[in-house]
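Chemist: Need a 3D model of the following:
(chains A and B)
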Protein chains: 2
Amino acid sequence: MALYEENELYLYNSLTRKKEKFEALNAPLVGMYVCGPTVYSDVHLGNCRTFISFDMVYRYLTHLGYKVRYVRNITDAGHLENDADEGEDKIGKKARLEELEPMEIVQRYTLGFREVMGKFNAIPPSIEPTATGHIIEQIETVKKIMEAGMAYEVNGSVYFDVEQYNTDNHYGKLSGRKIEELQSGTRELDGQSEKRNPLDFAIWKKASPAHIMRWNSPWGEGFPGWHLECSVMSTKYLGEQFDIHGGGMDLKFPHHECEIAQNKAANGDEAVRYWMHGNMLTLNGQRMSKSTGNTLNPGELFTGNTDKLTKGFAPSVVRFFMMQAHYASQFDFSNEALLAAEKGFNRLMEGWQKLQQLRSGGTSDFNVTQWKQACYAAMNDDFNTPILIAHLFEAVRFVNAADPNASGLSDVDLDSLQTSMHAFIFDVLGLEEANEQEGQHNKLDGVMELLIKLRKAARDDKNWALSDKIRDELDALGIQLKDGKDGTTYSIN
Amino acid sequence: MALYEENELYLYNSLTRKKEKFEALNAPLVGMYVCGPTVYSDVHLGNCRTFISFDMVYRYLTHLGYKVRYVRNITDAGHLENDADEGEDKIGKKARLEELEPMEIVQRYTLGFREVMGKFNAIPPSIEPTATGHIIEQIETVKKIMEAGMAYEVNGSVYFDVEQYNTDNHYGKLSGRKIEELQSGTRELDGQSEKRNPLDFAIWKKASPAHIMRWNSPWGEGFPGWHLECSVMSTKYLGEQFDIHGGGMDLKFPHHECEIAQNKAANGDEAVRYWMHGNMLTLNGQRMSKSTGNTLNPGELFTGNTDKLTKGFAPSVVRFFMMQAHYASQFDFSNEALLAAEKGFNRLMEGWQKLQQLRSGGTSDFNVTQWKQACYAAMNDDFNTPILIAHLFEAVRFVNAADPNASGLSDVDLDSLQTSMHAFIFDVLGLEEANEQEGQHNKLDGVMELLIKLRKAARDDKNWALSDKIRDELDALGIQLKDGKDGTTYSIN
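Modeler: Down below sits the predicted model:
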């Protein structure tokens, strides 16, 4: 029996605003779509959190035995500077400023994004479709929406007719808005606009002469509206109905609202069964923002090369830190919290090391079966990783207190504990042990400590020949010993 | 003055079959297009060689001060199993066999390809356009070729009319073929074929019902012919005329021949000024081939996990090895040659290390200016890296013989030698020093050697307490000592 048959997974559906039992449309297959980055600048930490959260979701579903097709798009065209269908294309603008071809911008930031995600040990999605790779499909969908009477063309642009759609549907249902309120919140059209209604949004936009990224279409040269690509690519690769759609909270409105409308208009059905939204990051209690300087990027985080931090943190420590919060909670980054997370991470990893050495036999009152059930219960409760981590530390406390040669567990329980700890720490939470390089370094540290002790013993014996030999041979290796008040330290040249 | 203004670079133009002086169309800008991989399987070593060769070309042009836009495509659709426009799409077939969506195949092997290229320290191209990302552009080009009267539609497929093209052009000029010979070499059409002439090739192909990757077009649902994408994407990003087009020798015919014809037919001009072709790899003197088992893939090469090799080789050693041959020469891989290359690589890197410590003063007859000219002369002679490497070893011999404290060079010459060696080794050849991790490992090796000596001395003194202490403390660190006939070795747990 697959694990997913033994586990009742509940997840919070943003659309219904309640936790629902997850039932895959075509188990063991699961289709999951997550809105990916617009590749016109370095990925920011808030986006990283969203993608790491859904990486955890992907990992847990996979752990449960589902065969997940995980699609996360790359927006490489069509994302304008503001949501009012005006302004420059974000990538085109960056290209203009840097005197590059837009696709050079796309290449640079796509590679950068992948590198950062790799450091965070996020598994690459099954498919990473691009907007420019699906222009024809988007044009076809525009045609379908027009045929359904839910869109109209003006001067080479095509707009989605929100009012028309809203006669039989509820535009705003995901974000809990009513169309009347939305309308009263918009400015009057100034007579210049091509839109019939300020709420309408472009699904195809005519390219101005300066617009570089443009394609031929039945309405002339233009480019797809940004909201369209996700409707088109999710259903192309996952079917007209699929299981999970994720993204950052900030995309709920208008982006996801528009997706729902587009899919319904084009295909007659809503595409998504469970909408999931990750929450935002704050830094030192305040919203991250370039204009106030309250920012932290992944590079700064890893190196510590910023006045916001006293040191750099390994990606796995940062990931562990993020997992200590529920994906849908607001979450604050600070130096102090990261330092505390680092301690916790090390304690968890040391516990895991000790657990591997543990032997069965003796007696104990640690109930592995019950503990394991609690771990799954946490994850089955809308992916509650902080509770899971609390349970992992219960196990660590047991391991630390146990007699290594007679842990008090039966063979079966010990095996079960080791297997489950490994699965939750590495497969589900996606943490990594200090890597090979750090491993080597720790060995070197240990060996150097031993050599320093031997040298101290030689000096205590007044065996200067030996103590000098040790110092000189290390020196030849490019390792300098430094004798100080608190003992001897070493540095590598 | 930019370096490229001081250097007359000559390169072998496959089209004219002679070395020609390189003159950039729009210096300092240079456009270079290289045919990339079809991502339906792991990249093989022969392709790696081609891409590493053009990485070196890119690096040298950049070193000379050119601003190179380097485009290398990813073929993710349209590449059929054979050149006769029949058979399955390579990616579609793999997808069918593995029960995956074709784009999942594309994702897997694109990421794998990038990873291997990264290990070889190949710089990512400025743009990596995909065939599926340029369907509309390809359709536009098909239309243009049809308007020029050089293509015809049959049953939803469009074929390039080679005979018609050949009336005013020479189809076969790149590969040195005549159309009459080509025609006599083809089989008679069997009456089933839609082609007017066996030499004609598909630029748009109707999709059979089983074909997954398909797009709407003026000729119905289909997909572009494989040759078309390179014509379209090279000119889209580099202009209708551009400087350099590279690829493996095996692509000369028919792929590049067809590119030339397509560009001429669509735009009235040939696109490429300099055609460059990399040569093939053999393994132990024989063609690599899956069917005979005479293969070696990058993973096996790095790990040594194959019966073809006695050990693994660092990517930089392999790259150095490849650079010891001219890019256009056939080149044989063997264990012995790799072992020799490793020695050479280490000697070069040790020389570089020593050079950094060298001090000026004294006298010598090493003429840095002349040496440097010889290095550039080698590279300016069609990127002759083996000759360059021979010159680098001249410098290493000088460095090894020199008095470190009075090398015999003036300050200016020493600085020039150091700067040039760095530029040629790292920037142009793209080699990397043993990385940080290996560095740590070497330190650990050295320190362990010292500890083993100390323990041996303790045993010789019958100080069993000390020798046991060393063994036990290492054991606690996860390092095991093993005493054998030839001395003591260690292994890491």
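
Chemist: alpha carbons only for contacts and neighbour counts from here, please
Modeler: Will do.

Chemist: Quickly note the distance from A:Phe51 to chain B.
Modeler: 18 Å (CA to the nearest CA, to the nearest Å).

Chemist: Quick one: mean pLDDT over the helix or strand containing that residue.
Modeler: Secondary structure assignment for A:Phe51, by DSSP states H and E: helix A:45-63. Regarding helix A:45-63, the rounded mean pLDDT is 97.

Chemist: Show me the contact partners of that helix.
Modeler: Under the criterion CA atoms under 8 Å, 6 or more residues apart in numbering or on different chains, residues A:3, A:34, A:36-37, A:67-68, A:70, A:117, A:120, A:122-123, A:246-248, A:278-281, A:296-298, A:319, A:322-323, A:327, A:379, A:383, A:427-430 lie in contact with helix A:45-63.

Chemist: Now, of these, which are buried?
Modeler: With burial judged by 16 or more other CA atoms under 10 Å in any protein chain shown, the buried subset of the contacts of helix A:45-63 is A:34, A:36-37, A:68, A:70, A:117, A:120, A:122-123, A:246-248, A:278-281, A:296, A:298, A:319, A:322-323, A:327, A:379, A:383, A:427-430.

Chemist: Among those residues, name the ones in helices.
Modeler: A:117, A:298, A:319, A:322-323, A:379 (DSSP state H).

Chemist: contacting residues around the strand or helix carrying A:Gln373?
Modeler: Element membership for A:Gln373, per DSSP H and E: helix A:368-380. Applying CA under 8 Å, 6+ apart, the contact partners of helix A:368-380 are A:7-11, A:60, A:384-385, A:387-388, A:391-392, A:413, A:416-417, A:420.

Chemist: Quick check: of the residues you listed, which has the highest neighbour count?
Modeler: A:Thr385 (26 neighbours; other CA atoms under 10 Å in any protein chain shown).

Chemist: how about that one, what does it touch?
Modeler: So A:Thr385 contacts A:323-326, A:378-379, A:429 (CA under 8 Å, 6+ apart).

Chemist: One more: A:Leu466?
Modeler: A:455, A:458.

Chemist: Helix or strand for it, just tell me which one.
Modeler: Following DSSP H and E, one finds A:Leu466 within helix A:464-476.

Chemist: ok now the helix or strand following that helix, how far from the chain's centre?
Modeler: Next along the chain after helix A:464-476, taking DSSP H and E as the criterion, comes strand A:479-484. Chain-centre distance of strand A:479-484: 43 Å, with CA atoms, centre = their mean, to the nearest Å.

Chemist: Same question for stretch A:105-123.
Modeler: On the basis of CA atoms, centre = their mean, stretch A:105-123 sits 12 Å off its chain's mean C-alpha point.

Chemist: Not counting that stretch itself, show me its contacts.
Modeler: By CA under 8 Å, 6+ apart, the residues outside stretch A:105-123 that reach it are A:39-43, A:48, A:51-52, A:55, A:74, A:76, A:91, A:94-95, A:124, A:298, A:315-316, A:319, A:430-432, B:126-128.

Chemist: Test my guess that A:Leu228 contacts A:Gln138.
Modeler: Yes - A:Leu228 lies in contact with A:Gln138 (CA atoms under 8 Å); the separation is 6.8 Å.

Chemist: Mind giving me the packing neighbours of the helix or strand hosting A:Gln353?
Modeler: In this assignment (DSSP H and E), A:Gln353 forms part of helix A:335-357. Packing partners of helix A:335-357 (3 or more CA pairs under 8 Å, 6 or more residues apart in numbering or on different chains; DSSP states H and E): helix A:315-323, helix A:385-401, helix A:411-422.

Chemist: Dump the ones you listed to TSV, plus distance to A:Trp464 and mean pLDDT.
Modeler: Formatted as TSV, the helices and strands packed on helix A:335-357 follow (distance: least, CA to CA, whole Å; pLDDT from 0 to 100):
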stretch	distance to A:Trp464	mean pLDDT
helix A:315-323	44	97
helix A:385-401	42	98
helix A:411-422	49	96
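
Chemist: could I get the ones you listed as CSV with distance to B:Gln164?
Modeler: What follows is the helices and strands packed on helix A:335-357, written out as CSV (distance: least, CA to CA, whole Å):
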stretch, distance to B:Gln164
helix A:315-323, 61
helix A:385-401, 68
helix A:411-422, 67
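
Chemist: quick one: which of the ones you listed is nearest B:Val447?
Modeler: helix A:315-323 (29.4 Å; CA to CA).

Chemist: export that closest one as PDB, just CAs?
Modeler: Output in PDB follows, covering the C-alpha atoms of helix A:315-323 (Å, rounded to 0.1, in the frame of the first residue of the first chain):
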ATOM      1  CA  PRO A 315      21.900  27.500   2.400                       C
ATOM      2  CA  SER A 316      20.800  24.500   4.400                       C
ATOM      3  CA  VAL A 317      20.700  26.500   7.600                       C
ATOM      4  CA  VAL A 318      18.500  29.100   5.800                       C
ATOM      5  CA  ARG A 319      16.300  26.400   4.500                       C
ATOM      6  CA  PHE A 320      16.000  24.900   8.000                       C
ATOM      7  CA  PHE A 321      15.100  28.300   9.300                       C
ATOM      8  CA  MET A 322      12.400  28.800   6.700                       C
ATOM      9  CA  MET A 323      11.000  25.300   7.500                       C
END
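
Chemist: who touches the residue lying closest to A:Tyr12 once chain neighbours are set aside in this structure?
Modeler: Counting by CA to CA, 6 or more residues apart in numbering or on different chains, the nearest residue to A:Tyr12 once its immediate chain neighbours are dropped is A:Lys19, at 4.0 Å. Listed by CA under 8 Å, 6+ apart, the contact partners of A:Lys19 are A:10-13, A:382.

Chemist: Phi, psi for A:Ile203 please.
Modeler: Per-residue torsions, A:Ile203: phi -110, psi -20 (degrees, to the nearest 10).

Chemist: let me redo that: A:Leu80
Modeler: Dihedral angles for A:Leu80 - degrees, to the nearest 10 - are phi -80, psi 170.
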